[in-house]
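In: Build me a model:
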Amino acid sequence: MGILTCTLCREDSLAIDTDYKPEISCLQQSKNQELKRLGNVVQKKIGEIQQAGHAVCKDNQFFECVLPTCGFTCSVHFLTPCVLLALQSRKSFVIAFRNVTSTSDFRHIKREIFETSFFPVDNPCNALYIPTPIEEIKGNNSPFEFDLTSVPDDVKRRVRELHSNPMAWWMGQAAYYLLKLRPEVGAKIDEGFDFTQQIVGVHIRRTDKLKYESEYHSVEEYMAPVEDWFNQREIDMMGKKNLPRKRVFIATDDPTALDEIIEKYPEYDVSYDQASIENAFNKHSRYTDVGIQHVALDVFRLTRCTFVVCTMTSNICRLVFELKQVKNGDDTQSVKSIDWRYNYHKAALPSWHVVTIQHLPSHGNELMLEVGDRIKPMTQDWRSGYWKGMNERNKKIGIYPANKVVDFQNIR
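Out: Numbering: from 1, shown residues only. From the prediction side, this is the model:
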């Protein structure tokens, strides 16, 4: 049996400055191409289920997904499991938008506002018909388990084999189906920006997020990985004539963060959408058609960046990470979170955590972790970066760092 040899290939789609193109192995390149092919199969299957449900719009042919009271990307992450549940149940989903008029209920996203920027992904069924309860669709599975009966077994198997974070790939497929931009909106992504050359995206989430879910992080914390990334590029290009320009795209809800970066990092070319920052800063305008459009544009701009620095406590960061897996194949190394590792559903506890890095306790209430240990999560603390749970190996209960475990993800 012969041995397959593989040399390095140039990835033209990631081409950057004249004398520098990141190299990717032929093996990884073929894996990414196969992941894109599998993605096309999944997108077609979702569409078939949705269209079949619309054609026979009657009792038990569809189930309803109710939008929560939260922002745009938060709502997307509540809807993505519905897409996977459609693949599991072979029933189409209908989004229940809340039609509220009270000014105190501004955090509800209305259908007409969503569909100003995106094509409809469902076809609301006649109110005379009663949808199947979503609880019946979910069954007893945890939020991290899906039995995708409508997807061929070989597709699920190949995704597990090819991608380093299969759940991120599946969530990306679900989000990609939901977020079909209207052409006039999609045309604005590149207006005034150049994503054909290497550029690092930085998403800084502050304002109301700091009250409940996230810690404050200085611009220096965000820019440190950016500096490291460009320093590595300079090492890669050592001896070549044209060093890459240091370019960053900033998306934030805090205008002072942008001002600080411009002042403290004058060697960088800084690009940003001023209107987007102003809309994000105003908690009321975020939920208007213009505000949601700006958030969506920032998300898609960040997915076009060569490398992204953000915080996974933010739904925007997690959505960018997921969509990058659809766009580029296995692209998990192109996003750096300065707080949490990727977790597809922040509001739910995974069935298990699997330890990837050994941990020696520094305090009496910490667990000792060995690579491969399975931990049953009990509670989470987004601010401290620690979970509390039980180590299945020795049945001990304690806290453990989130950056040394990954979620157990089960797509059957």
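
In: And the strands in the stretch 101-250 of the chain, which stretches?
Out: Secondary structure of the stretch 101-250 of the chain (DSSP state E, counting those that start in this stretch): strands at 145-146, 200-204, 247-252.

In: Can you lay out the ones you listed as CSV showing mean neighbour count?
Out: No exception for glycine: its C-beta is placed from N, CA and C like everyone else's. Listed next are the strands of the stretch 101-250 of the chain as CSV, based on neighbours: other Cβ atoms under 10 Å:
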stretch, mean neighbour count
strand 145-146, 20
strand 200-204, 25
strand 247-252, 23
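
In: hey, least reliable of these by pLDDT?
Out: When those are compared on mean pLDDT, strand 145-146 scores lowest, with a mean of 69.

In: Would you map the strands across the stretch 301-412 of the chain?
Out: Assigned by DSSP E, counting those that start in this stretch, the strands in the stretch 301-412 of the chain fall at 307-310, 335-337, 353-355, 374-381, 386-391, 397-401, 405-407, 410-411.

In: need the strands of the stretch 101-250 of the chain in CSV with distance to Y272, can you?
Out: CSV is the format used below for the strands of the stretch 101-250 of the chain (distance: least, Cβ to Cβ, whole Å):
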stretch, distance to Y272
strand 145-146, 38
strand 200-204, 10
strand 247-252, 4
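
In: who's in contact with the closest residue to T356 other than its chain neighbours?
Out: Spatial nearest neighbour of T356, excluding adjacent residues (Cβ to Cβ, 6 or more residues apart in numbering): V406 at 5.6 Å. By Cβ atoms under 8 Å, 6 or more residues apart in numbering, the contact list for V406 reads N165, R341, H353, V354, T356.

In: Show the pLDDT at the first one.
Out: Spelled out, that is N165. 86.

In: Pretty sure it sits against Q325.
Out: Yes - here N165 reaches Q325: they are 7.3 Å apart, a contact under Cβ atoms under 8 Å.

In: Comparing these two, which shows the higher neighbour count?
Out: Q325 (30 against 21; other Cβ atoms under 10 Å).

In: Hmm, the more buried one is touching H163, no?
Out: Yes - using Cβ under 8 Å, Q325 is in contact with H163, at 7.0 Å.

In: Which neighbours do the two have in common?
Out: Counting by Cβ under 8 Å, 6+ apart, the residues touching both Q325 and H163 are L35, W169.

In: if we can go back for a sec, overlap in contacts, N165 and Q325.
Out: Going by Cβ under 8 Å, 6+ apart, residues that sit against N165 and also against Q325 are T332.

In: one step back: specify the beta-bridge partners of the residue nearest to T356.
Out: For V406, the beta-bridge partners are V354 (DSSP bridges).

In: gap between it and V290?
Out: 38 Å (Cβ to Cβ, to the nearest Å).
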